[in-house]
Structures are given as structure tokens and as C-alpha cells.
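Novice: only the shape, not the letters, is given here:
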């Protein structure tokens, strides 16, 4: 059973960098046919896809609205992938999720439980 677990600070100050990690168990982030996503949900709003990194670690894709502030990377020794979001504002307050995507589909078959991040001084 694949499990994903988000971790990181729950409170970030405006203009700082938000950094979150997703630890994967029950499967490897280098397994063929999967890509690894970050998604968020601001309060009272829908889900917003932020970006992904592929299983080879040589390709990333970002939501155009966040691309200039976002970076996704991975650490295969920890079976972990991470996201950094720079220059945060209170509008970046959200529940942040990581999820596994299936190559060739829009399906995200395993999700973490999510972690609340609040941007406030």
C-alpha cells in the first residue's frame, strides 16, 4: 500500500519561502509510470494543482500562475520529493497535498492527508 505524508512548518511569514516535503512509503518515487504532484486548497476554494516531478527526476512542470515562485525537487535516498514556494503572501494560505500521478492519465491514485500552512506575520 502506497502512502504519502506531507511535512513542514504550519506557519510561514509573508515574503519568506514555504518548504514542504512528501515522504513516500510502500513504493519508490523512481518507479516507472508515475509522477509526483503538489496540489493545494485555499480556504473556501477548490483544489489547485501546483506542479510535478517525474519518476526520473529530469522533468518538472508547474502551474503557470505559480511557475515563477515554485520549485519541485526530490531526494531518492529519502524517497521524498519537496516543494519550495518563494515570496509567500497570505493568499498562499492553504492545505497542501502531495499525490502520485499515473503517467498517460490525469489520475492521481494516492494522496497524502494534507498539511495546513498559514502565511501570517
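Specialist: Structure received. The model shown is predicted, which means the values in this text are computed figures rather than measured ones.
Novice: for the spatially most central residue of the chain, grab phi and psi.
Specialist: Central residue of the chain (Cα atoms, centre = their mean): residue 38, 2.6 Å from the mean position. Note on residue 38: its backbone torsions stand at phi -120, psi 140 [degrees, to the nearest 10].
Novice: residue 52 is in contact with that one, correct?
Specialist: Yes - contact criterion Cβ atoms under 8 Å: residue 38 and residue 52 qualify, at 7.3 Å. For every residue, glycine as well, the C-beta is placed using N, CA and C.
Novice: before we move on, back to that, could you give the bridge partners of the residue nearest to the centre of the chain?
Specialist: Beta bridges link residue 38 to residue 51, residue 98 when assigned by DSSP bridges.
Novice: also residue 21?
Specialist: Legend: beta-bridge partners of residue 21 under DSSP bridges are residue 7, residue 82.
Novice: quick one: residues in contact with stretch 5-20.
Specialist: Stretch 5-20 is contacted from outside by 21-23, 25, 38, 82-90, 92, 96-98, 112-121, using Cβ atoms under 8 Å, 6 or more residues apart in numbering.
Novice: picking up where we left off before, now do the contacts for the residue nearest to the centre of the chain.
Specialist: Taking Cβ under 8 Å, 6+ apart, one finds 20, 22, 49-52, 72, 83, 96-99 in contact with residue 38.
Novice: returning to what we had before: from the contacts of stretch 5-20, keep the buried residues only.
Specialist: Using 16 or more other Cβ atoms under 10 Å as the burial test, the contacts of stretch 5-20 include 21-23, 38, 82-83, 85, 88, 92, 96-98, 112, 114-115, 117, 119 as buried.
Novice: show me the contacts for residue 53.
Specialist: By Cβ under 8 Å, 6+ apart, the neighbours of residue 53 are 35-36, 59-60, 72-74, 81.
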